[in-house]
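Asker: show me the folded form of this:
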Amino acid sequence: MQELISLFVKSIFVDNMVFAYFLGMCSYLAVSKNVKTAIGLGAAVIFVLGVTLPVNYLLNTYVLTPAALTWLGPDFAGIDLSFLSFIIFIAVIASMVQLVEMVVEKYSPSLYASLGIFLPLIAVNCAILGGSLFMQERGYETLAEATTFALGSGFGWFLAIVALAAIREKLSYSNVPAPLRGLGITFIVVGLMGIAFMSFMGIKL
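Answerer: Here you go, the predicted structure:
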């Protein structure tokens, strides 16, 4: 249990998808103009990561790794489907994003309208695919570890976008120099936030 808690905290602060790996920056910068929209997109990212990464873990373990199909019989031991990893991971992610889009459109039309094109773009959000690829590269041994990593990564992305949205709302009332207004001051704030999150790398978990 302690290992799972450490993995969850590390995924949020030390291995933050935005500040440690710069993944998902497109939607991160575009949808962080107000807190309400940022919360909606962040929650959608948590859900998509929390569902797709465990599914991709099971597919990777029982289908995609070399000799993974031995559970079907000894004749399948020599089959290696690892070259299909990208395609299958993206297919799972796209199907989950489609489900999220349908639910948000039905139950929260205002949020659906405010998110606009960036809701379906979760399917190509580098943070979502990056989570599955990190899971595959790091070789998590159990489904619980993969799920914990997914939820921690999603919550870390959620925390990053909500924090930036709150700062940008305050900046709209600030006297920012004209050349820095808009994305200019946003890039500076994101850089400072990244430096702040780097301080967590000294924590041994």
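Asker: now residue 22: phi and psi?
Answerer: Reported as degrees, to the nearest 10, the phi and psi values for residue 22 are phi 60, psi 40.
Asker: I should have written residue 112 there, sorry.
Answerer: With angles defined as degrees, to the nearest 10, residue 112 sits at phi -60, psi -40.
Asker: can you check residue 76 too?
Answerer: In terms of degrees, to the nearest 10, the main-chain angles of residue 76 are phi -100, psi 0.
Asker: which other helices and strands contact the helix or strand hosting residue 101?
Answerer: In this structure, residue 101 sits in helix 85-107 according to DSSP states H and E. The helices and strands touching helix 85-107, judged by 3 or more CB pairs under 8 Å, 6 or more residues apart in numbering; DSSP states H and E, are helix 35-59, helix 109-115, helix 126-138. In this view, the C-beta of every residue, glycine as well, is placed from N, C-alpha and C.
Asker: export those to TSV and tack on distance to residue 13?
Answerer: TSV is the format used below for the helices and strands packed on helix 85-107 (distance: least, CB to CB, whole Å):
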stretch	distance to residue 13
helix 35-59	16
helix 109-115	26
helix 126-138	15
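Asker: the ones you listed: lowest mean pLDDT?
Answerer: Least confident of the helices and strands packed on helix 85-107, judged by mean pLDDT, is helix 109-115 with a mean of 79.
Asker: list of residues touching that helix?
Answerer: Contact with helix 109-115 is made by 31, 36-37, 40-41, 44, 101, 104-105, 119, as judged by CB atoms under 8 Å, 6 or more residues apart in numbering.
Asker: and the residues you listed, which two are the farthest apart?
Answerer: Farthest pair in these (CB to CB) is 36 and 101. Separation: 18.0 Å.
Asker: okay, the two: which has more neighbours?
Answerer: A side-by-side neighbour count of residue 36 and residue 101, using other CB atoms under 10 Å, places residue 101 first with 17 against 12.
Asker: least trustworthy helix or strand in the chain by mean pLDDT?
Answerer: helix 109-115 (a mean of 79; mean pLDDT, DSSP states H and E).
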